[in-house]
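In: requesting a structural model of the entry that follows:
(one chain, ligands or ions: 1)
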Amino acid sequence: MRKPVLTLAFAAALSLGGAGLAKAAEGVAVPDKDWAFEGIFGTFDTASLQRGLQVYKNVCASCHGLRFVAFRNLADLGYNEDEIAAIAADFMVEDGPNDEGEMFTREAVASDHWPSPFPNEQAARVANGGAYPPDLSLIVEARANGADYLYHLLIGYTEPPADMEVPPGQYYNEYFPGHLISMPPPLVEGIVEYADGTEATTEQMAEDVTHFLTWAAEPQLVARKQMGIKVILFLLVLTGLLYAVKRKVWSDVGH
Ligand code: HEC
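Out: Just a heads-up that it's a prediction; the model follows:
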């Protein structure tokens, strides 16, 4: 009687914990890295998210879009309305048509989504030697072991093996499938100066921007895990109650 419920609770616990575990990797195997947001009690580290935003805004945003993130969503990172308005105002978005029927550009506001730096895919390719810098809103979900992959991709620029020819406009990367990537190494030591004084090493920036892009891909991650914990607690209480009821109901029946 008790068993199926317990099995159910156990399965729920497993699937919850499993969300943080490595999925089967495709392509090049990526080493495992520990993240604050992994595991049943995993949660985002706000300081890291804020530093990651700084890296994203100052480095990645010049080539990549982030269209599923609206500036007002940055409230999750601990920013207030004024701070969000100031971040948004650094970007221009297209709006319109106005009374004359013309489209126009204006400074972004909190309700705008993060604009792409290029007007369209063709323009993006022309600016990047034919390669397309994908929108990064969901990249962590779109790649196997997304966070581990992204982190290692960003620090994975190394010397190519002696027998490998790297064509102009491409770069050798240990973790990119096929090893030849058209993205120049985006992170070099000290390319951002962190507002909180943290030293901006390549590894630190890779970690922070990965944290940020994990939040961008799944802002509900922490809420989802907390709901899972509540469900398990509920199932445990229910199990106890059902057991008590069962004993009561059958107590008069002789064996
Ligand atoms: C100078 C432009 C430029 C900058 C700056 C840049 N990227 Fe890229 N990125 C590209 C291009 C071009 C590609 C496509 C590469 C290819 O397909 O070979 C790319 C591809 C990617 C990919 C996809 C890899 C895959 O598995 O397909 C990720 C992830 C990525 N960039 C993350 C970042 C992050 C994070 C930053 C900021 C730290 C950043 N990029 C900064 C140009 C850029």
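
In: hmm, T46 is touching G78, no?
Out: Yes - the pair T46 and G78 passes the contact test of Cβ atoms under 8 Å, sitting 5.1 Å apart. In short, each C-beta sits where N, CA and C put it, glycine included.

In: these two: which has the busier surroundings?
Out: T46 (14 against 11; other Cβ atoms under 10 Å).

In: quick one: the more buried one from V93, how far?
Out: 27 Å (Cβ to Cβ, to the nearest Å).

In: show me where the stretch 1-150 of the chain has strands.
Out: 66-70, 92-95, 104-107, 113-114 (DSSP state E, counting those that start in this stretch).

In: the first one: partners in the sheet, and parallel or antiparallel?
Out: Translated: strand 66-70. Strand 66-70 has the following sheet partners, assigned by DSSP bridges: strand 113-114 (antiparallel).

In: what's stretch 168-180 in contact with?
Out: 26-28, 30, 129-130, 149, 152-153, 156-160, 164, 166-167, 181-185 (Cβ atoms under 8 Å, 6 or more residues apart in numbering).

In: now that stretch, how far from the centre of its chain.
Out: 22 Å (Cα atoms, centre = their mean, to the nearest Å).

In: that stretch: end-to-end distance?
Out: 11 Å (Cα to Cα, to the nearest Å).

In: sort out which residues of that stretch are buried, please.
Out: Q170, Y171, Y172, N173, Y175, F176, H179, L180 (16 or more other Cβ atoms under 10 Å).

In: for the residue nearest to the spatial centre of the chain, helix, strand, or coil?
Out: Central residue of the chain (Cα atoms, centre = their mean): T214, 1.4 Å from the mean position. Secondary structure, DSSP: H, G, I helix; E, B strand; the rest coil: T214 is helix.

In: quick one: it and V140 touch, right?
Out: Yes - shown here, T214 and V140 form a contact pair, counting by Cβ under 8 Å, at 4.9 Å.

In: quick check: neighbours shared by these two?
Out: G146, A147.

In: quick check: mean pLDDT across the top helix by length along the chain?
Out: In the chain, with assignment by DSSP state H, the single longest helix is helix 221-250. Helix 221-250 shows a mean pLDDT of 95 in the predicted model.

In: count the neighbours of E141 for me.
Out: Neighbours of E141 (other Cβ under 10 Å): 13.

In: which non-adjacent residue is nearest it?
Out: A217 (4.6 Å; Cβ to Cβ, 6 or more residues apart in numbering).

In: so that neighbour touches V140, yeah?
Out: Yes - here A217 reaches V140: they are 4.1 Å apart, a contact under Cβ under 8 Å.

In: now do the shared contacts for those two.
Out: In contact with both A217 and V140: G146, using Cβ under 8 Å, 6+ apart.

In: from what I can see A89 touches A108, true?
Out: Yes - using Cβ under 8 Å, A89 is in contact with A108, at 6.7 Å.

In: okay, these two: which has more neighbours?
Out: A108 (21 against 14).

In: next one: the more buried one from the ligand, what distance?
Out: A108 sits at a distance of 20 Å from the ligand (criterion: Cβ to the nearest ligand atom, to the nearest Å).

In: how near is the residue lying closest to T158 once chain neighbours are set aside to P185?
Out: Closest residue to T158 apart from its sequence neighbours, by Cβ to Cβ, 6+ apart: E174 at 5.4 Å. Going from E174 to P185 by Cβ to Cβ gives 12 Å.

In: before we move on, what about R247?
Out: Counting by Cβ to Cβ - R247 and P185 are separated by 67 Å.

In: show me the helices in the stretch 101-250 of the chain, by range?
Out: Remark: helices assigned in the stretch 101-250 of the chain by DSSP state H, counting those that start in this stretch are 121-127, 139-142, 146-155, 202-217, 221-250.
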